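J.: pasting the structure only:
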Ligand SMILES: O=C(O)CCC(=O)C(=O)O
Ligand SMILES: [Fe+2]
């Protein structure tokens, strides 16, 4: 993954690198006129302001703490949280996390980029979302090739993201206990939902069950990358927060759930401020507090 960004630049970042001002393809109304409901995508990073060049350098102590954390992450192993649910701590290197944030920012400013989704009835989700590969619509709980609110086509999933998903699934094999779980089948994901959580970002308990019957029946895994501030992640057998277990998902963690856990209830209770690696924010200018989550699935 070391050459992730250069490969991304060659392949996918060439895809529609529109600026924040670039309008998304306009909708047509009944009279075939263009409707002026152009959405400006949400920027997950703050543009560096001219005249705002004074940044406070982190103390040596803070830098050493970061270094220790990075070293600990690199040597850490995975855990099977429950049959069919594996957590790979610190799986994504900090360099790759930075590249993923930059790639998502770039894609997120173009057609099909980050927007504020809502459920049927109007309640807004407490996050910004972008879909890659296919669109998932929270209003209808359906997948499709276009986003109904603006008719945009989701950007393609960068190949380098897919490679990382593949290696995480392969590496999870050594973590699952053969007596309890089968290793995850490898998948070639055709959907990635990218969520950005800012202050007060959260996501209620739910199951990922809008994929095809076959995908769910076969227990094909959902692979989730966490980048940025730590999330309090809840999971359990029933739709009840009080009965759910909690695990912290930190920057670089990969969580995989499939097999017996394919329909586990899960959600994000809160984001913990100032918990991400300093270098991640320094090098990407990602909004703070901020957490990026990518879930890869096979429809
Ligand atoms: O942000 C997360 O960790 C979970 C996201 C999730 O469950 C989803 O997008 O369906
Ligand atoms: Fe989910």
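T.: Here it is on my side, so go on. Source: prediction; values computed, not measured. Ligands and ions are numbered 1, 2, ... in the order given.

J.: The residue in the chain positioned nearest to ligand 1 in helix, strand or coil?
T.: Scanning the chain for the residue nearest ligand 1 gives residue 293, at 3.3 Å (criterion: Cβ to the nearest ligand atom). Glycine gets a C-beta too; all of them are placed from N, C-alpha and C. Of the three states, residue 293 takes strand according to DSSP: H, G, I helix; E, B strand; the rest coil.

J.: State the phi and psi torsions of the residue nearest to it when sequence neighbours are not counted.
T.: Among residues not flanking residue 293 along the chain, residue 195 sits closest, at 4.6 Å (Cβ to Cβ, 6 or more residues apart in numbering). Here is the backbone geometry of residue 195 (degrees, to the nearest 10): phi -110, psi 140.

J.: can you pull the contacts of residue 195?
T.: If a contact means Cβ atoms under 8 Å, 6 or more residues apart in numbering, then residue 195 has 127, 128, 129, 203, 292, 293, 294, 295 as its contacts.

J.: The fourth one: how many residues sit nearby?
T.: Just to be clear, that refers to residue 203. When neighbours are defined as other Cβ atoms under 10 Å, residue 203 has 18 of them.

J.: doesn't residue 251 make contact with residue 230?
T.: Yes: using Cβ atoms under 8 Å, residue 230 makes contact with residue 251 at a distance of 7.3 Å.

J.: The two: which is more packed in?
T.: Neighbour totals were compared for residue 230 and residue 251, and residue 251 leads with 24 against 20 (other Cβ under 10 Å).

J.: on that earlier part again, if I look at the residue nearest to residue 293, how far off is residue 178?
T.: 33 Å (Cβ to Cβ, to the nearest Å).

J.: do residue 288 as well
T.: 43 Å.

J.: and if you look at residue 130?
T.: For residue 130, the distance to residue 178 - Cβ to Cβ - is 37 Å.

J.: Those two: who's more crowded?
T.: Per other Cβ under 10 Å, whichever of residue 130 and residue 178 has more neighbours is residue 130, with 28 against 8.

J.: Beta-bridge partners for that one, please?
T.: residue 194 (DSSP bridges).

J.: Hmm, it is touching residue 110, no?
T.: No: at 9.5 Å, residue 130 and residue 110 do not qualify as touching, with contact defined as Cβ under 8 Å.

J.: For the stretch 101-250 of the chain, which segments count as strands?
T.: Ranges of strands in the stretch 101-250 of the chain, per DSSP state E, counting those that start in this stretch, are 128-132, 135-137, 142-144, 191-197, 203-206, 222-228, 230-236, 245-249.

J.: Helices of this structure, residue ranges please.
T.: 4-10, 60-75, 94-108, 159-172, 213-217, 278-284 (DSSP state H).

J.: Give me the helices and strands touching the third one, please.
T.: Helices and strands touching helix 94-108, as assessed by 3 or more Cβ pairs under 8 Å, 6 or more residues apart in numbering; DSSP states H and E, comprise helix 4-10, strand 128-132, helix 159-172, strand 191-197, strand 222-228, helix 278-284, strand 291-297.

J.: Swap in 7 Å and give it another go.
T.: helix 4-10, strand 222-228, helix 278-284 (3 or more Cβ pairs under 7 Å, 6 or more residues apart in numbering; DSSP states H and E).

J.: tell me, which of the ones you listed is the model least confident about?
T.: Mean pLDDT per stretch puts helix 4-10 lowest among these, at a mean of 46.

J.: Can you list the low-confidence ranges for the chain?
T.: Low-confidence segments of the chain, defined by pLDDT under 70: 1-38, 49-63, 65-76.

J.: Can you tell me which residues in it are near ligand 1?
T.: Neighbours of ligand 1 within the chain, by Cβ under 6 Å from any ligand atom: 193, 195, 203, 208, 224, 231, 233, 249, 266, 268, 293, 295.

J.: If we use 5 Å, what do you get?
T.: 193, 268, 293, 295 (Cβ under 5 Å from any ligand atom).

J.: Could you list everything the third one pairs with in the sheet?
T.: In this structure, residue 293 has the following beta-bridge partners (DSSP bridges): residue 195, residue 226.

J.: what sits against it?
T.: 195, 224, 225, 226 (Cβ atoms under 7 Å, 6 or more residues apart in numbering).

J.: change it to 10 Å
T.: 127, 129, 193-197, 201, 203, 224-228, 231, 233, 249, 255, 268 (Cβ atoms under 10 Å, 6 or more residues apart in numbering).

J.: Isn't residue 270 up against residue 197?
T.: Yes: judged on Cβ atoms under 10 Å, residue 270 makes contact with residue 197 at a distance of 9.0 Å.
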